[in-house]
Structure formats: C-alpha cells, structure tokens
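K.L.:
3D, please:
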Amino acid sequence: MINELVRMMLLSEPDQYGQVHPDETPELVRAKLQDLEGEIAKIPKEEKEAFEQAKVKCPGQLTEAFKLMFLRCEVFIADVSVVFGAFV
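P.N.:
Now for the predicted structure:
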C-alpha cells in the first residue's frame, strides 16, 4: 500500500504549501484506518496506558474521524502515526 501511496503522490500536484497528498478515496481511508488499528494492536498494553484509559473514559473521542486526523498528518502512513505517539 505504501508503494501505491508514493505513486499517487508523485502524480499529484503540490498544494499551496508545496506538500503533496494522496487522493483520499474511500478504499484508501478504509485500508489505512485498518492499518492504524493493526499498528495500535501491536503495542503492548502497558505502553499505551493513555489510549486504554481513553477507550474507557471517553470512547466517543476515538472515532474514525479522530484517527483520520492523525493519518492525514502522517500522509496516511499508519506506523509513523503510532511510532510518534499519536495514539499512545
């Protein structure tokens, strides 16, 4: 999927800030949200205490839209979103 993202970005025009973003298709969003969930699942529970607490205390804040915000910041690379502590 990353190779496809790179290809899409190479074909895209830079935005007003000179950044290039992939086209957000429903398929891309769905796949990357699944990737993000997979990356979160790989983290040991004791290393994601804040995330586990949020699941109990404010589950309404852990929506797909919220997770998508982090994926957009990392240009849809799910493992980077998690490694940089977006969710833990």
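
K.L.:
Which of the three states applies to Arg30?
P.N.:
Judged by DSSP: H, G, I helix; E, B strand; the rest coil, the three-state class of Arg30 is helix.

K.L.:
Would you mind measuring from Lys67 to Gly60?
P.N.:
Lys67 sits 13 Å away from Gly60, going by CB to CB, to the nearest Å. Every C-beta, even on glycine, is put in place using the N, C-alpha and C of the backbone.

K.L.:
To clarify, my last question referred to Glu74.
P.N.:
For Glu74, the distance to Gly60 - CB to CB - is 23 Å.

K.L.:
and these two? which has more neighbours close in?
P.N.:
Glu74 (17 against 7; other CB atoms under 10 Å).

K.L.:
Would you report the backbone torsion angles of the more buried one?
P.N.:
Torsion angles at Glu74 (phi, psi; degrees, to the nearest 10) stand at phi -100, psi 20.
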